[in-house]
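[1] Build the 3D model from these lines:
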Amino acid sequence: MAKKTDAETLSKHLRDALRRDILAGRWNPGAKLQLIALSQHYETSSTVVREALTRLVGDRLVQLRPNRGFFVPELSLAELEDITEMRCVNEELAARLAIERGTLDWESELIAAHHTLERTQSRDPSDPDVHTEAWNDAHQAFHAKLIEACGVPVLIDLTCVLSDLSQLYGRWAGVATRYANRDVEQEHRDILAAALARDPRLTAALLRAHYQTTMSAIRSAGEVGLKVG
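    Coordinates of the predicted model:
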């Protein structure tokens, strides 16, 4: 039993490391993920690497091409449009339920998550075209906490997958969002205020506007590296 637990812990640790590196843009979209190179880099067996990659295929962060191996997903504006709409629909529903069911403890934890987000440096001066890893983590944590009290595990899991996919695109579309005429900090303050006021309709509307504004900036920029269609 102990050996099985150790193996599961190792597999999860590697899966988390691969997920983080993929979202951080360690490999370009479409790049092949070589088992031997990855096993050397992460100092583990190719079997463990294969298992972790297979799990990430289920999360759509890795593509498995028959007889060719594992690849970082290709990116396209059309797919990002679909991901954005799915994220809006699912998080609108989850937020409405969370506001209805959330306790005072949930409110306190949401305020704390927003405080962390506000105090986290958003862009690295050495690479200002992308958000820092710490900010991305804090951003995801705030949005995850917002819908956590909905109490529907399958809905929470789906929003997490969509959040990761959005972050994957965000890494390669950073230039577009950097120069967009918007105040992201104020957007998050408004979302927080609406949730604390227990206004599900306004919260849902602000969430949709928040995500669609990012999509509009990317679309308008015609970001190089994202396929149209």
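[2] Quick one: the strands in this structure, in order.
    32-33, 63-65, 69-71, 123-124, 127-131 (DSSP state E).
[3] Retrieve the pLDDT associated with residue 48.
    Model confidence at residue 48, expressed as pLDDT, equals 91.
[4] That one: neighbouring residues, count only.
    Residue 48 has 18 neighbouring residues, counting by other Cβ atoms under 10 Å. Yep, even glycine has a C-beta here, placed from its N, CA and C like the rest.
[5] Kindly report the same for residue 52.
    If we define neighbours as other Cβ under 10 Å, then residue 52 has 24 of them.
[6] Am I right that it is in contact with residue 15?
    Yes. With contact defined as Cβ atoms under 8 Å, residue 52 reaches residue 15; the gap is 4.2 Å.
[7] ok so, going back, using JSON lines, lay out the strands of the chain together with distance to residue 98.
    Supplementary listing: those in JSON lines, determined by distance: least, Cβ to Cβ, whole Å:
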{"stretch": "strand 32-33", "distance to residue 98": "36"}
{"stretch": "strand 63-65", "distance to residue 98": "32"}
{"stretch": "strand 69-71", "distance to residue 98": "35"}
{"stretch": "strand 123-124", "distance to residue 98": "29"}
{"stretch": "strand 127-131", "distance to residue 98": "25"}
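[8] Least confident of those, on average?
    Among the strands of the chain, strand 127-131 scores lowest, at a mean of 76.
[9] Show me what that strand packs onto, helices and strands only.
    strand 123-124, helix 153-172, helix 174-178 (3 or more Cβ pairs under 8 Å, 6 or more residues apart in numbering; DSSP states H and E).
[10] mind running it again at 7 Å?
    In terms of contacts (3 or more Cβ pairs under 7 Å, 6 or more residues apart in numbering; DSSP states H and E), strand 127-131 is packed against helix 174-178.
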